[in-house]
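Undergrad: generate coordinates for the sequence data below:
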Amino acid sequence: MLLTPHQSVFSVAISEPGVVNGERLNRWLYGLVQEKGADLFRSKGILNLDDEDRRFVFQGVHMTLDGRPGKPWRPAEPRLNELVFIGRNLDVEKLRTGFLACLETD
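TA: Below is the predicted model of the structure:
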């Protein structure tokens, strides 16, 4: 099957519970934009970073990333990490395993 340029562009959504290790996330995201920056059109996420009281919100366009604390988590709210990547020729499994490696393990 031959893909047109538009067919090679798609989104990848990741939704995982857990606590994200800030150092690991930083290394992974910056490595990702170095490797895939030209093909990574948009990235964004809401994360439970280092089990802080406030969610961490990030967004990116190609090789530019920006992140900051967002609104506080509500007491009974599940702390779900949600990320979306939009780009060309994205490796879904590599994105997923890369993010999972950023989660804290007990």
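Undergrad: now the longest helix seen in the chain: buried residues?
TA: In the chain, assigned by DSSP state H, the helix with the most residues is helix 22-36. Buried residues in helix 22-36, counting neighbours by 16 or more other Cβ atoms under 10 Å, are found at 25, 28-29, 32-33, 36. Just so you know, the C-beta spots here come from the backbone N, C-alpha and C atoms, and that holds for glycine as well.
Undergrad: wait, what's in contact with the residue most central in space within the chain?
TA: Central residue check for the chain by Cα atoms, centre = their mean: the C-alpha nearest the mean position is that of residue 83, 4.1 Å away. Going by Cβ atoms under 8 Å, 6 or more residues apart in numbering, residue 83 touches 13-15, 43-45, 47, 99.
Undergrad: what are the boundaries of the strands in this structure?
TA: For the chain, the strands defined by DSSP state E cover 9-17, 40-47, 54-61, 64-72, 80-88.
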